[in-house]
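Q: Below is the sequence, then the predicted model.
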Amino acid sequence: MPIQREYLRTVREACAELRSRLRDGEAIRVEAILSAYPTLGENEEAVLELIHTEVTTRHDLGQKPTLDEWQERFPDLLGRMESLLSLREVLGSEMPTLSDGSGPAPAPAAQAERGADDRFPRIANYHIIEEIGRGGMGVVYKARQSNLSRVVALKMILAGENAGLRERARLRNEAEAAAQLIHPNVVQIFEIGDHDGLPYLTMEYVVGGNLTRMIRGMPQAFRWSARLTEILARAIHVAHQRGIVHRDLNPSNILMTPDGVPKITDFGLAKFLMGEQGVSLNGVLLGTPSYMAPEQVSGGEGAIGPATDVYALGALLYEMVTGAAPFRGFTPMETLCQVVEAELVPPSRLRHGVPADLETICLKCLDREPSRRYASAADLADDLRRFGENQPIRAKRTTRLRRFLQWRRRQPLAAGLLAFSLLLSLLLLGGAVFHYLKVTESNRELEKRLSLAESEKSVVSYQRSRADGETRGVAKRSYDMLLGRVKQALDEGQPELAVQLLDGWVADDRLDLAKGFEWEYIRSLIRRARPPQKGHSGAVICVAASGRPGELVSGDASGHIIRWDTRAGTHARFRDRHAGKVLRLAYDAPSNATEGTVASLGEAAEGLQVRFWDAKQGRAVGDFRIGAMEVSDFRLSHGGTRLHLCGKMAGGDGWRAWAWVRSDGGWRADPSGARGGVTRLAWSGGEDLLAEGSSDGTVQLFRADGSPARPLEQRPAGAIQSLTVSKTGRRVAAGTDGGALLIWDAASGKLLAFSPGRYGPIRFLRFWRGDEAVVGCDGGSRLWTRLVDRPEELCILPVEGRSSFRWFALAPDERRLAAGDDRMVWTWGLADGVPGRPYRANSRLSAPIAFDADGSSLLLGCGDHSIRVWDHRDLGEEGTELGSHDGEAWSLCFDHGGAMLASGGDDHLVRIWDLKGRREIARLAGHDQTVTALSMAPRGEKPGDGPPALLASAGLDGKIFLWDLDPTRPEPAGSPARRTLLHDFGAADRLWAVSFSPHGTHLAAAGKRGVISMWDLRKPSAPPVELPAVGAAINALAYTPSGNILASSSTNGLVKFWDPDHFIPYKGRDRTGPVTWCLAFTPDGQTLVEGTADRTARFWSIQEWGVNQTILGHPMGVRGVATHPDQSLMATGCDDGKVRLWDLESSQLFYAMNGHTARVNAVAFSPDGSRLASCDHRGSVRIWSGDAPPR
């Protein structure tokens, strides 16, 4: 019985499992699959499909299954196996057709091993010429009919047990069917006979091949395909008129003559509609799967009729048009499943340009419903003729409704679920509408009742909000004034008052006003500031630190000496004093002791007085008088038991050294330490080696007991100006007044290095990094470091704007150097040479600087009678100076995360600063003139939207560069590979402004020409769009946060607003006034802030299109303006060198920040608002932050 539709999916799954397991190397057979799928064993067609799958798969794997094997395994099905078309595709055709031969074959006499035909060189009246086709049950010969001398094709059934009744019936059926058809497009039957019990059939011999061989799986011309199908349809219509249905029309059964005339053959499966003739075997599928109509697969014999052949003609037309059969699976069974269930792919989807009429004809032939196909093959032929003559065809395309109904019949369950879902949705929608109407009516009634209450409440709310607004305004102005007073107190050196003011506001802040950058910044100043230490009655002349951190002594111009403990905040004045100024102090107080010794040198009535003090009790324990002199060194050693002094005597008596030693009886002079000509003294770290430098340029070494050490190799090059011994005592270094540097090995006395001077006397010299390097200063302001083993290689420490230093100090850990004059102190890290921030005292520095014992602070004596302790590692009120450009710095820009800052200046460079390490990390070179403007592209909305950090720079050279600052790229940030030249105007335009749009898709730039150029960065090759000229140089650009407005300012006082999406100005929105140097929008985009040359900051309202407020208070022009990203806060940079913070709500000044020494050209807030950057006319780039930790 045929396979029913419900079993098709099961058969397909079983065949797929069998094929997969065989290909995996498993020796599985059909019998194992049948045991797993017992229901398939009841259907012979299903078993045969499994057998076919095993045969084809094993054949593909190189195995050779034989008929003997199948006879042993399935003896009852052998006959069925031989007759199935699917098996014939593997083992050979069962009943050959005229098209099966592929060329000449040996004569029957040469085929003794293939059957009984080799006994018949003649068959009846036919002389065998050659074999042209062979199958498992039959053979086709080319023969000559003797009596008529004509060539015919002779088909006969082979002798032996291989022949059956079905094959004989099929041969007779083919002869009877074809004999009734006399048509030029049907192969003619001449005779049917019997030779020695073997039936044969002679027919017309066609020289050409079949249609399969002609088309070769390739698409054919549309009109040729239509014409050929028309010819075949008319021939088949003649058969239908004779009551014959072919049932097996396929390309292999269409023979083509050399002249291209088609002839239909192989009527072996033909069905006679008017009678009982025809091949009809129960349970056997008759036909070729790809060309079988659906009713052939599942409808039984009664459903087969002319529409079956119309379907096959449509399949032939489809294959000629597209080059592929309508349905074709991996196995015949899969193909049959597709015929019954699968959706047909229209030819136009497989081949471009298929005529619509031809596709309509094809699809009508292939309709699954026989009643919807052409009523006859003649109707099909007529429609094909109309197509060929460009006439309207009668076939109509299947409507969408019809296709839906067909889908519903194929998928009834899915269609039912869809209908149920629609019905349920309609019910829910109806219920929702009903409920909505009821709720709406109830709401109307409720709104009427509430409207009166709301109107009354709104009046009360208005009055209350008005009062709250006035109260908040008063509080806001008070807050602004408070911060100004706090800042003033800090500037005047009154941190206690600043703390009281701030704490009082916190306790009384009932409105809890939002406090942002300005609050945190002022609080950080209070936390960091140390008030001046008062106690002296005259200017401080000298200071000396003990070995205990925070402890020092200082002497003043009135002769008083005070001992300080800066950590505890206490001080104690010594009981006695000098008659005049205290010139020098020496303090020996070990870190692990509570007592110490102080030596002082002060003015006396005649000459100088040396006094010794008990530091703990503050009383004098000895004194000596010496003549007037200019002291060069004054130092206690050996636990405060020895004092060495040297200097130049007054009156031209030359240089001299003295020494005093403490004994049980007190202090006494040590004659062994008194020598003439000594200009400098230096002890080793362990104080076991003393070096003395002389005016004659020699250096001598002495042991602790005063005995001479190993002599040094001398190379006089001028009087010794500076002298130092390494802490280990292994090396000695000296600098002369001629600028020469000499370094010795103390143990051997050998001169290790000599460097002649070129820049003036070496005024300062110390070892650092143990004894591996020295740091010094020659010429007063040239600071350097050298390695001892490579003294010719200098590392010059950066010094800006200094003519000469007065004092120097090296930190105890030898990591940091300090130098200062009477107003400022600078520091440098010796390891990297990076300068720290400078310190500017409110009062004149009047004493040499000194480091605290732990190196954390610098001790400064000031002319206002005070001691100042400066934590040089702290940022201070002046912000952090990251560094400077060579020349003026013009522009600033933060990256997205606020971790990096870019600046541009007169040195033609874009410098990149690391804000965490406070250092320069890259220099971007490319511009030939000043870099005037920078802009950072906004971060992409999702990962991959462009580089993580894209910077644009513009300069007076007319160039615009794009810099990829992605930190994950391997190339250095300044590499040319990171740089892209977007445009070069050359001398045609000196650019002053550049800005990315908020979405990062466009870039705008402008300058001296007065024309804004805009680039679409999504189209790199597209030229820029130029907006109309404004008649003067443009010096600033700014986008609103939404990007819908671009503002520009020019040197003629014109502020203009543009529509950047359409590249046109907003008409009637221009403003003319004073020259505007800078622009910035508030975060809400409703206000434009302008910094002008007439010393004001103006607020331009976008809603009202006019200036609604002007901020006064700048003493000079405003060149930089920035708004805080989250707060009502604005920063301005002014020509007076100050950065000012303003409250945008009250338009009040918070305070001005000192630090810059020249006009401020630009200011910028970081994206998170925690930092403020500024740059000035001298190239300085600074960072202001409120996140410094408390002390």
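A: Everything's here; your move.

Q: okay, and the helix or strand of this structure with the least pLDDT?
A: Within the chain, no helix or strand scores below helix 85-91, which has a mean of 38 by mean pLDDT, DSSP states H and E.

Q: so what strands line up beside the helix or strand following it?
A: Next helix or strand after helix 85-91 toward the C-terminus (DSSP states H and E): strand 122-123. Note on strand 122-123: by DSSP bridges, its sheet partners are strand 126-134 (antiparallel).

Q: Please parse this structure into its domains.
A: Listed by automatic domain parsing, the domain ranges of the chain are 5-204, 211-410, 422-528, 1073-1185.

Q: Any idea which of those gets closest to Leu982?
A: domain 1073-1185 (21.6 Å; Cβ to Cβ). Placement of C-beta: from N, CA and C, glycine included.

Q: what distance separates the closest one from the centre of its chain?
A: Centre-to-centre, domain 1073-1185 and its host chain are 33 Å apart (Cα atoms, centre = their mean, to the nearest Å).

Q: Endpoints of it, how far apart?
A: From its first residue to its last, domain 1073-1185 covers 35 Å (Cα to Cα, to the nearest Å).

Q: Retrieve the pLDDT associated with the nearest residue to Thr570 once chain neighbours are set aside.
A: Spatial nearest neighbour of Thr570, excluding adjacent residues (Cβ to Cβ, 6 or more residues apart in numbering): Trp564 at 7.5 Å. With respect to pLDDT, Trp564 scores 94.

Q: go on, Val1139?
A: At Val1139, the model reports a pLDDT of 93.

Q: need the contact list for it.
A: Contacts for Val1139 (Cβ atoms under 8 Å, 6 or more residues apart in numbering) come out as Ala1131, Thr1132, Gly1133, Ala1152, Met1153, Gly1155, His1156, Val1160, Val1163, Leu1172, Ser1174, Trp1184.

Q: just these now: which is nearest Ile762?
A: Gly1155 (32.6 Å).

Q: hey, where'd the strands end up in the stretch 651-800 of the chain?
A: With strands called from DSSP state E, counting those that start in this stretch, the stretch 651-800 of the chain shows them at 655-663, 666-669, 675-676, 678-683, 689-694, 699-703, 720-725, 731-736, 741-745, 751-755, 762-768, 773-778, 782-787, 790-796.

Q: Tell me which strands the last one pairs with, and in which orientation.
A: Strands adjacent to strand 790-796 in the sheet, as given by DSSP bridges, are strand 782-787 (antiparallel).

Q: Show me which parts of the partner strand are buried, residue by residue.
A: Neighbour-count burial for strand 782-787 flags Arg782, Leu783, Trp784, Thr785, Arg786 (criterion: 16 or more other Cβ atoms under 10 Å).

Q: ok, what's across the strand from the second one?
A: For Leu783, the beta-bridge partners under DSSP bridges are Cys777.

Q: Please list all residues in contact with the residue nearest to Trp1058 when sequence neighbours are not counted.
A: Once flanking residues are discounted, Trp1058 sits nearest to Leu1046: 4.4 Å by Cβ to Cβ, 6+ apart. The contact partners of Leu1046, by Cβ under 8 Å, 6+ apart, come to Ser995, Ala1004, Ile1012, Leu1037, Ala1038, Tyr1039, Thr1040, Phe1057, Trp1058, Asp1059, Pro1060.

Q: Could you measure from Leu1046 over to Arg680?
A: Leu1046 is 68 Å from Arg680, where distance means Cβ to Cβ, to the nearest Å.

Q: And for Leu437?
A: Applying Cβ to Cβ, the value for Leu437 to Arg680 is 105 Å.

Q: quick one: which of those two has more around it?
A: Neighbour comparison, Leu437 and Arg680: the larger count goes to Arg680, with 24 against 10 (by other Cβ atoms under 10 Å).

Q: what is the more buried one paired to in the beta sheet?
A: Applying DSSP bridges, one finds that Arg680 bridges with Gly693.

Q: Hmm, it is touching Leu723, no?
A: Yes: in this structure, Arg680 is within contact of Leu723 by Cβ atoms under 8 Å, at 3.8 Å.

Q: Please list all residues in contact with the residue lying farthest from the centre of the chain.
A: The C-alpha centroid of the chain is most remote from Asn147, which lies 91.4 Å away (Cα atoms, centre = their mean). Listed by Cβ under 8 Å, 6+ apart, the contact partners of Asn147 are Asn125.

Q: For it, give its distance to Glu191.
A: Asn147 sits 11 Å away from Glu191, going by Cβ to Cβ.

Q: Tell me the pLDDT of Ala27.
A: As summarised for this prediction, Ala27 has a pLDDT of 85.

Q: Which positions within stretch 292-301 qualify as buried?
A: Applying 16+ other Cβ under 10 Å to stretch 292-301 flags Met292, Ala293, Pro294, Glu295, Gln296, Val297, Ser298 as buried.

Q: Tell me which of these has the lowest pLDDT.
A: Lowest in pLDDT among the buried residues of stretch 292-301 is Ser298, which has 75.

Q: quick one: Gln1127 and Glu520 touch, right?
A: No: Gln1127 is beyond contact range of Glu520, at 10.8 Å (criterion: Cβ under 8 Å).

Q: Of those two, which one has the most company?
A: Counted by other Cβ under 10 Å, Gln1127 and Glu520 do not tie: Gln1127 has more neighbours, with 19 against 15.

Q: Quick check: the residue lying closest to that one once chain neighbours are set aside vs His1114, distance?
A: Spatial nearest neighbour of Gln1127, chain neighbours left out: Gly516 (3.9 Å); criterion: Cβ to Cβ, 6+ apart. Using Cβ to Cβ, Gly516 is found at 22 Å from His1114.
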